[in-house]
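[1] below: sequence and its predicted model.
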Amino acid sequence: MPSMGPVDLKEYDALRIRVMELEAQVAFLMKHLNLTYQPPADDFEEKLREMVRQGKAIEAIKLYVQKTGASLEEAKRHLTG
């Protein structure tokens, strides 16, 4: 973490406390309503496949590289098999 001045640390602590309060509120509501959290499905792979089907393989490769940090060669291999 970069060094922070006294004001930055106070703001950071206030935000951290606020996040903790919000998390507690969400947990309370989830329990009270008998709900469980389901993270959204990652449709990234499906989006990539659709781009390839639409003839946008280069754009799909660029997106894969951007999101994963893979090399161009790795991205091409991933998308084209």
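    Cool, got the structure. Numbers count the residues shown, from 1 in each chain.
[2] separation between residue 30 and residue 36?
    Look at residue 30 and residue 36: by CB to CB, to the nearest Å, they are 7 Å apart. To be clear about C-beta, it is placed using only N, CA and C from the backbone, and glycine gets the same treatment.
[3] swap that for residue 79, sorry
    From residue 79 over to residue 36 the distance is 34 Å, taken as CB to CB.
[4] swap in residue 66?
    32 Å.
[5] neighbour-wise, which of the two wins?
    Neighbour totals were compared for residue 66 and residue 36, and residue 66 leads with 10 against 6 (other CB atoms under 10 Å).
[6] in what helix or strand does the more buried one lie?
    Residue 66 belongs to helix 57-68 when elements are defined using DSSP states H and E.
[7] ok, then the element right after the top helix by length along the chain?
    Of all the segments of type helix in the chain, defined by DSSP state H, the longest one is helix 6-32. Downstream of helix 6-32, the next assigned helix or strand under DSSP H and E is helix 44-53.
[8] helices or strands up against that next one?
    Contact partners of helix 44-53 among helices and strands, from 3 or more CB pairs under 8 Å, 6 or more residues apart in numbering; DSSP states H and E: helix 57-68, helix 72-80.
[9] can I get those helices in CSV with distance to residue 47 and mean pLDDT?
    What follows is the helices and strands packed on helix 44-53, written out as CSV (distance: least, CB to CB, whole Å; pLDDT from 0 to 100):
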stretch, distance to residue 47, mean pLDDT
helix 57-68, 8, 94
helix 72-80, 11, 91
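[10] show me the shaky parts of this protein.
    Low-confidence segments of the chain, defined by pLDDT under 70, are located at 1-2, 4-7, 40-41.
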